[in-house]
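Engineer: mind folding the following:
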Amino acid sequence: MKGITLIFALIFSVVINAQDIKPVFEQDGEILKATYYHDNGVVSQEGQFLNGKLHGEWKMYGEDGKKISMGEYTEGKKTGKWFFWDVKKLKEVDFVDSKIANVTEWNNVGQLAVNK
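Structural biologist: Residues are numbered from 1 along each chain as shown. Modelled structure (predicted):
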């Protein structure tokens, strides 16, 4: 019984001490810069808004702080080249009006793996 009580106390204390990190917003003229955080305090996303829509470069990061994606928005739509990283490959995705136009993948030694 003491063991169960100790486990519940430990879980409860972890929940109480969990960080609820709020995003940070900074107005720069018409642009609203935004930074979002993972629960561990590491930046999860950074980008900007224009007229309430995603606009300009956006970067996304994993909980370890490594960049996992990067791309551009224009008035809320994905446009141009987006890059997605993982352990085994890099994907380059071309967007036109938030629709995928082309996908190119490289393996972890830099060789072209797929071009769709």
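
Engineer: now name the helix or strand holding Glu57.
Structural biologist: Using DSSP states H and E, Glu57 sits in strand 56-61.

Engineer: name the helices or strands packed onto that strand?
Structural biologist: strand 43-50, strand 67-74 (3 or more CB pairs under 8 Å, 6 or more residues apart in numbering; DSSP states H and E). Backbone N, C-alpha and C define where each C-beta goes, glycine included.

Engineer: centre of the chain to the following helix or strand past the first one, how far?
Structural biologist: Okay, so that is strand 43-50. Once the chain leaves strand 43-50, the next helix or strand it forms, by DSSP H and E, is strand 53-54. Here strand 53-54 is found 15 Å from its chain centre; the criterion is CA atoms, centre = their mean, to the nearest Å.

Engineer: ditto for stretch 87-96
Structural biologist: Centroid displacement of stretch 87-96 relative to its chain, using CA atoms, centre = their mean, is 14 Å.

Engineer: pull out the buried positions in it.
Structural biologist: Lys91, Val93, Asp94, Phe95 (16 or more other CB atoms under 10 Å).
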